[in-house]
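A.B. asks: Need coordinates for the below:
(one chain, ligands or ions: 1)
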Amino acid sequence: MKFGTKAIHAGVRPDPSTGAIMTPVYQTSTYVQPSPGQHQGYEYSRTHNPTRTALQKNLAALENAKHGLCFASGLAAIDAVLKTLRPGDEVVSTNDLYGGTYRLFTKIFEPYDIRFHFVGMGDPAAVEAAMNERTKMVWVETPTNPTMRIIDIAAMSTLAQKYQALLVVDNTFASPYLQNPIDFGAGIVMHSITKYIGGHSDVVMGALCCNDDDLAEKLAFIQNSCGAVCGPQDAFLVLRGIKTLHLRMQRHCENGKAIAQFLKDHPKVNHLYWPGLESHPNHAVAQRQMRDFGGMIAFDLHENQREKAFQILERTKLFSLAESLGGVESLIGHPASMTHASIPKADRENIGVVDSLIRLSVGIEDEEDLIEDLRQALN
Ligand SMILES: *Cc1c(COP(=O)(O)O)cnc(C)c1O
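C.D. replies: Numbering: from 1, shown residues only. Now for the predicted structure:
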């Protein structure tokens, strides 16, 4: 089955009691048993809920995985992955990780004696230099935030296998429409559903997908034991959102391309970060592992001053100034004072997060209107 058909049909079936075509919101905590231990697969909603089950199956299908698990947020999903580790274990990760993931690694798990190495993953030799017999996990995020670097998933998979480490890919920025990391050797794919998969800026949720049965059992045990599950109403909203994921992503990509072309030739724009540009340093890797290039764009200004960026951020009318990404509406943000504010200036400038850097999450409005909005704000 192809992607759009899976998005609409995988994991869902008409409700057996009424024929309702949409999976109902099973707003229930428990399930009646005719006799102790006799049940239809559902005993208590922390462990299993039919609305969540439908969503988990659908997500697994979109990621070409056997198993899917949903959590209360993207970070709750990441937390569950890290709980498979033990004191003394080491993780090698990219050095421009999502800020919340970095905080979880360093502030919560480092005190439990798990060691993290943050390296530039453009160079496999640098990654290998950080690996040893205690390396149990390689954590990749691609494209990275906010400068859209692309990490070669297949190359990281080869390295992870050599050290018998688990490769985890945070696929939030790409969505399963653009990239399926399991096809390139990832052991776990992680999503912040909050972003493209939910797509309507109305739900916070996370997910994990994997193929290995033992690993899936371990993660399901953690999901149930720690209890950071999503509720049935949210699962319903996400199931509804997924039905248009392919259409939304197609438009995000078209609009992203049009805006990248507009910005590329704009006299005020200095660096432009979008993996679809032939001049992007990782364009070839992006072409290899992604189906298209998405709607996440960042750029900085020749006049590299915070005030110049702020003027633009305050003047856009369609692009709303807000955290988050991946919704139908276009958003604009200032990484240096928003997502990357806690990173020391020199460190963030090393990864391109200068004072004039602006990040766009290009929505699915009409491209002419979006370009006009940027044109007037830049002037
Ligand atoms: C938002 C985000 C997360 C965290 O997800 P939440 O749903 O906000 O907990 C993790 N990784 C990336 C790349 C994100 O953009």
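A.B. asks: rest of the way, CA atoms for contacts and neighbours
C.D. replies: Fine.
A.B. asks: Excluding residues flanking it in the chain, which one is nearest the residue of the stretch 1-150 of the chain found nearest the ligand?
C.D. replies: Here the stretch 1-150 of the chain gets closest to the ligand at one residue, residue 74, 3.4 Å apart by CA to the nearest ligand atom. Closest residue to residue 74 apart from its sequence neighbours, by CA to CA, 6 or more residues apart in numbering: residue 206 at 3.6 Å.
A.B. asks: Count the neighbours of that neighbour for me.
C.D. replies: Each residue near residue 206 was counted by other CA atoms under 10 Å, and the total is 27.
A.B. asks: Show me what it is bridged to.
C.D. replies: residue 71, residue 192 (DSSP bridges).
A.B. asks: Which residue is the nearest non-sequential neighbour of residue 22?
C.D. replies: Closest to residue 22 by CA to CA, 6+ apart is residue 14, at 6.5 Å.
A.B. asks: check contacts around the one you found.
C.D. replies: Residues in contact with residue 14 (CA atoms under 8 Å, 6 or more residues apart in numbering) are 20, 21, 22, 23.
A.B. asks: what do you get for residue 299?
C.D. replies: 269, 270, 271, 272, 273, 357, 358, 359.
A.B. asks: Tell me if I am right that it is in a helix.
C.D. replies: No - counting by DSSP: H, G, I helix; E, B strand; the rest coil, residue 299 is not part of a helix but strand.
A.B. asks: State the pLDDT value of it.
C.D. replies: Confidence at residue 299, expressed as pLDDT, is 98.
A.B. asks: could you pull out the helices for the protein?
C.D. replies: All helices of the chain, identified by DSSP state H, fall at 3-9, 50-62, 74-82, 99-103, 124-129, 153-162, 175-178, 213-226, 232-242, 245-264, 283-289, 306-315, 345-350, 367-378.
A.B. asks: Get me the contact residues on the protein for the ligand.
C.D. replies: 73, 74, 75, 98, 172, 173, 192, 194, 204, 205, 206 (CA under 6 Å from any ligand atom).
A.B. asks: returning to that earlier point: would a markdown table of the helices of the chain with mean pLDDT and mean neighbour count be doable?
C.D. replies: Output for the helices of the chain, formatted as a markdown table (pLDDT from 0 to 100; neighbours: other CA atoms under 10 Å):
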| stretch | mean pLDDT | mean neighbour count |
| --- | --- | --- |
| helix 3-9 | 98 | 17 |
| helix 50-62 | 98 | 23 |
| helix 74-82 | 98 | 22 |
| helix 99-103 | 92 | 15 |
| helix 124-129 | 96 | 15 |
| helix 153-162 | 98 | 19 |
| helix 175-178 | 98 | 23 |
| helix 213-226 | 98 | 15 |
| helix 232-242 | 98 | 21 |
| helix 245-264 | 98 | 21 |
| helix 283-289 | 98 | 17 |
| helix 306-315 | 97 | 17 |
| helix 345-350 | 89 | 13 |
| helix 367-378 | 98 | 16 |
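A.B. asks: Tabulate those helices (CSV), appending distance to residue 90.
C.D. replies: Output for the helices of the chain, formatted as CSV (distance: least, CA to CA, whole Å):
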stretch, distance to residue 90
helix 3-9, 36
helix 50-62, 28
helix 74-82, 11
helix 99-103, 14
helix 124-129, 13
helix 153-162, 12
helix 175-178, 27
helix 213-226, 18
helix 232-242, 33
helix 245-264, 35
helix 283-289, 27
helix 306-315, 38
helix 345-350, 23
helix 367-378, 44
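A.B. asks: what's near enough to touch the residue of the stretch 151-300 of the chain found nearest the ligand?
C.D. replies: Minimum separation of the stretch 151-300 of the chain from the ligand (CA to the nearest ligand atom) falls at residue 192, amounting to 4.2 Å. Counting by CA under 8 Å, 6+ apart, residue 192 touches 73, 74, 75, 172, 204, 205, 206, 207.
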